[in-house]
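[1] next input, structure requested:
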Amino acid sequence: MTLTIHGRPPASVAASDLLAVSGMSVSVPGRGRREQLHLLEDVTFSVGAGRCTAVIGESGSGKSTLLKGLLRTVGKGSRTTGRVHLDGVEVSDLRDREFAKLRGSSMALVAQNALAALDPLFPVGGQVAYLARRHTGGDRAASRETAVRLLGKVGLPDPERTAQRLPHELSGGMRQRCVLAMALACGPRLLLADEPTTALDVITQANALQLLRGLQHELGMSMLFVTHDIGVAASVADDVVVLYAGRVVEQGPVLDVLSSPLHPYTQGLIDANRPPAPGERWRAIGGEPPQPGQRAGGCAFAPRCAEASSMSRTQRPELVRVGSVTVACHARTGGAAAPLDPPPPGAAPT
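    Numbers count the residues shown, from 1 in each chain. Just a heads-up that it's a prediction; the model follows:
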C-alpha cells in the first residue's frame, strides 16, 4: 500500500489519555536457568481518548509482544514490568482474576488470524452471543439478538443467516468481520488490533480499514493498531509509535512522523514502502534486526545505520523531544559530536 496520510487534527481541548503505558518491559526465559531474553525494554506511550495510535516496525520488533503484555498473555515464565493506566485507573497491580474482567469489557483484541480465533465447530453467531452473555449477562435470546445486530453493524450481509454459518463457510474478509463483532460484543473502550488486515486482499483490506475507522468514531472507542505496513498506519492512525528491537525509537502525531521522519529507521521503513521509479529497485533496509539476547550496548540500529557514530555504538540514545515528536537518535538530536563513521555495507540510506 502506498503512503497516503489521513491524520485528523487533535481536538481544541486536549483529551485525557485512555491508555497510558510507562516503562513497560517484557522478558521470557532463555536457554540458561537464569537467562532472561528481553523482548520489550522501557516502552512508554499513550493512546488518547477517541484516538488511534499505530505501532509500526519490522517483524520481531516487539509489536505483538506489546499487545500480549497489555493483555497479560505473553506466556508461562514471562515477566512484565512497568505501569499501565486504563481510563485513569492503574491496572498494573491487579490480580489476574480482577484483570481478566477487563479483557473484553474494557479492552478487546482483534486477532490477526481470524480463522484461528474462531471455533471451527460452532456457528459464528453463537460465538459472538457467548461473549456478549459472558461479559454482560442476560439470557440466550437477548445475547443472540445482540450477536445478529453486531454482525450487521460490521457490514456482514444477511446477518441472521450469517450467524448460523460455520467459520469455514465464510470468506477471509467475512471471518475478520466476525472477529471484530466478537471484540465489540462487550462494548470495550479500547480496541487492540493485531495486524487485522494482513491476510486480506487490497480491496478487502481497504474496506476493513474504513469499517474500523467508522466504528471507532461511531462508538467513541480508542484503538491501538499494530501493523508493519506504513500505508495502513498512515490511513488509520492519529499518532504513531515506531518500535525497533523492543524499544521505542520515534513517536508522535502521524502527520509529523511520517511526513518528516527524524529517526533513520523510520525513514528506512518509509523508503521501503515507496514504489520505485521505473528501472529502479525497491529500497530495503540492509541487514537484519538483532535477536533478543544479542542486542549489544548502544543504539540497536547502529549496525544497519548510515549515520551511526562511535557514540551510537557505545551509548544507548534516550528519547528526546524535538517539536511534536520524540526520537532516540544521537545523530538527530545533537548527541553525535564525533565525526560519523563510514556506513556499514548495506546500511539504510537516508
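
[2] my read: G220 touches G50, true?
    Yes - using Cβ atoms under 8 Å, G220 is in contact with G50, at 5.7 Å. Backbone N, C-alpha and C define where each C-beta goes, glycine included.

[3] settle it for me: which of those two has more neighbours?
    Taking other Cβ atoms under 10 Å, G220 and G50 do not tie; G50 has more neighbours (18 against 9).

[4] give me the phi and psi for the more buried one.
    Main-chain dihedrals, G50, degrees, to the nearest 10: phi 80, psi 10.

[5] what residue is smack in the middle of the protein?
    The centre of the chain sits closest to V226, judged by Cα atoms, centre = their mean, with a distance of 2.1 Å.

[6] assign that residue to helix, strand or coil.
    Assigned by DSSP: H, G, I helix; E, B strand; the rest coil, the conformation of V226 is strand.

[7] with D93 instead?
    D93 ends up coil, using three-state DSSP.

[8] measure it to H85 for me?
    Using Cβ to Cβ, to the nearest Å, we find D93 at a distance of 11 Å from H85.

[9] neighbour count: those two, which is higher?
    Neighbours were counted for D93 and for H85 using other Cβ under 10 Å; H85 has more, 17 against 9.

[10] hey, what's that one bridged with?
    A20, E90 (DSSP bridges).

[11] now do the same contact list for it.
    Residues counted as contacts of H85 (Cβ atoms under 8 Å, 6 or more residues apart in numbering) are D17, L19, A20, V21, S22, V91.

[12] can you do 10 Å?
    H85 is in contact with S16, D17, L18, L19, A20, V21, S22, S46, V91, S92, counting by Cβ atoms under 10 Å, 6 or more residues apart in numbering.

[13] identify each buried residue in the lengthiest helix in the chain, please.
    For the chain, the helix that runs over the most residues, judged by DSSP state H, is helix 202-219. Neighbour counts over helix 202-219 (16 or more other Cβ atoms under 10 Å) mark T204, Q205, N207, A208, L209, L211, L212, R213, L215, Q216 as buried.

[14] contacting residues for the residue nearest to the centre of the chain?
    V226 neighbours (Cβ under 10 Å, 6+ apart): 53-57, 61-67, 110, 112, 192-196, 198, 233, 241, 243.

[15] of these, select the buried ones using a PyMOL command.
    Listed next is the PyMOL selection for buried residues among the contacts of V226, using 16+ other Cβ under 10 Å:
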select buried, resi 53+54+55+56+57+61+62+63+64+65+66+67+110+112+192+193+194+195+196+233+241+243
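
[16] looking at the contacts of V226, which are in helices?
    K63, S64, T65, L66, L67, A233.
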